[in-house]
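**Student:** make a model of this:
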Amino acid sequence: IAGVVQTVVRWEDFGLRQLARHGVPRIMPFRLRKHSSRRGWRITADSLGRNPFASDINAPLWKVRDGRMVSLRDVAGEILTLFHRRIQQFSDFRTLEHISAVFDGNARSLLDFETRPNGYDDVGRTIDWGRRRMRRLSRSKYEKIIHRVISHEPVRIGQKRYRVDRMNGWYQVDCRELGTKRRRTFTLDELVQMSAAKKRAAKPSTKRKPGKKRRV
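**Tutor:** Next up is the predicted model:
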């Protein structure tokens, strides 16, 4: 997910034409349905002309915009290829190799098991989080920002202080200035960059002052 997000945020915009520009396969027909309880849209089982959850993922049943008939596995593989480079930056080689094998049908995912493996519920339990090495690991810049967003802690940006109102989608944060109550929206990248700039500005200079000349 991190690799996909880091790729998409670098696109010129988030319009549908970007899908064609970057070669993302689009199944036709494609019909969005109104969400029953939220303001927005959703994809249901009949949005694509047939139910993808009840179809053979290896059968070339799906027509894409360029006229080809492909399988769901083909679509998934093409999409993975588009984001492969960024995913590689956030993953180790073995994990990326396993993801590719799952998409190619050469390895199993959790969906391929009849029941969920017991080990699925034990992820992380074998790690001793109290060890000194674990305690020394600092949070990433994004983790620190997201923690402040979730806890609604005030954020200082320049000479102004803001309180977080809410997340706006997956990437933007709606804030309100404490003094004027004016609303302003920042991206997570902007908050991280401004936080880093603030720390650099606050860091005292380590240059040594020239010593006084001794009288001879």
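**Student:** what's the domain layout of this structure?
**Tutor:** 2-111, 141-202 (automatic domain parsing).
**Student:** report the mean confidence score over the last one.
**Tutor:** In this case it means domain 141-202. The pLDDT scores in domain 141-202 average 81.
**Student:** can you check stretch 100-120 too?
**Tutor:** 81.
**Student:** what's the span of it from first residue to last?
**Tutor:** 20 Å (Cα to Cα, to the nearest Å).
**Student:** then stretch 80-98?
**Tutor:** 12 Å.
**Student:** next, the buried residues of it.
**Tutor:** Under the neighbour-count criterion of 16 or more other Cβ atoms under 10 Å, stretch 80-98 has 80, 82-83, 86-87, 96, 98 buried. No exception for glycine: its C-beta is placed from N, CA and C like everyone else's.
**Student:** widest-spaced pair of these?
**Tutor:** Greatest spatial distance in the buried residues of stretch 80-98: 82 and 98, 18.7 Å, computed using Cβ to Cβ.
**Student:** tell me which residues are up against stretch 177-186.
**Tutor:** Contacts to stretch 177-186, defined as Cβ atoms under 8 Å, 6 or more residues apart in numbering, come from residues 154, 157, 160-163, 165, 168, 172-176, 194.
**Student:** need the buried residues of stretch 80-98 in TSV with secondary structure, can you?
**Tutor:** Formatted as TSV, the buried residues of stretch 80-98 follow (DSSP: H, G, I helix; E, B strand; the rest coil):
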residue	secondary structure
80	helix
82	helix
83	coil
86	helix
87	helix
96	helix
98	helix
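**Student:** which one's the longest strand in the protein?
**Tutor:** strand 160-168 (DSSP state E).
**Student:** next SSE downstream of that strand?
**Tutor:** With elements assigned by DSSP states H and E, the helix or strand that comes after strand 160-168 is strand 172-177.
**Student:** that following strand: partners in the sheet, and parallel or antiparallel?
**Tutor:** strand 160-168 (antiparallel), strand 183-187 (antiparallel) (DSSP bridges).
**Student:** mind checking which of these is nearest residue 66?
**Tutor:** strand 183-187 (32.9 Å).
**Student:** just give me the neighbour total for residue 14.
**Tutor:** Residue 14 is flanked by 11 other residues according to other Cβ atoms under 10 Å.
**Student:** from residue 169, how far off is it?
**Tutor:** Remark: distance between residue 14 and residue 169 (Cβ to Cβ, to the nearest Å) = 10 Å.
**Student:** residue 19 now?
**Tutor:** Counting by Cβ to Cβ, the gap from residue 19 to residue 169 is 18 Å.
**Student:** who has more neighbours out of these two?
**Tutor:** Neighbour tally, residue 19 and residue 169, criterion other Cβ under 10 Å: the higher count belongs to residue 19, 14 against 9.
**Student:** list phi and psi for the closest residue to the more buried one other than its chain neighbours.
**Tutor:** Once flanking residues are discounted, residue 19 sits nearest to residue 26: 5.9 Å by Cβ to Cβ, 6 or more residues apart in numbering. Here is the backbone geometry of residue 26 (degrees, to the nearest 10): phi -120, psi 120.
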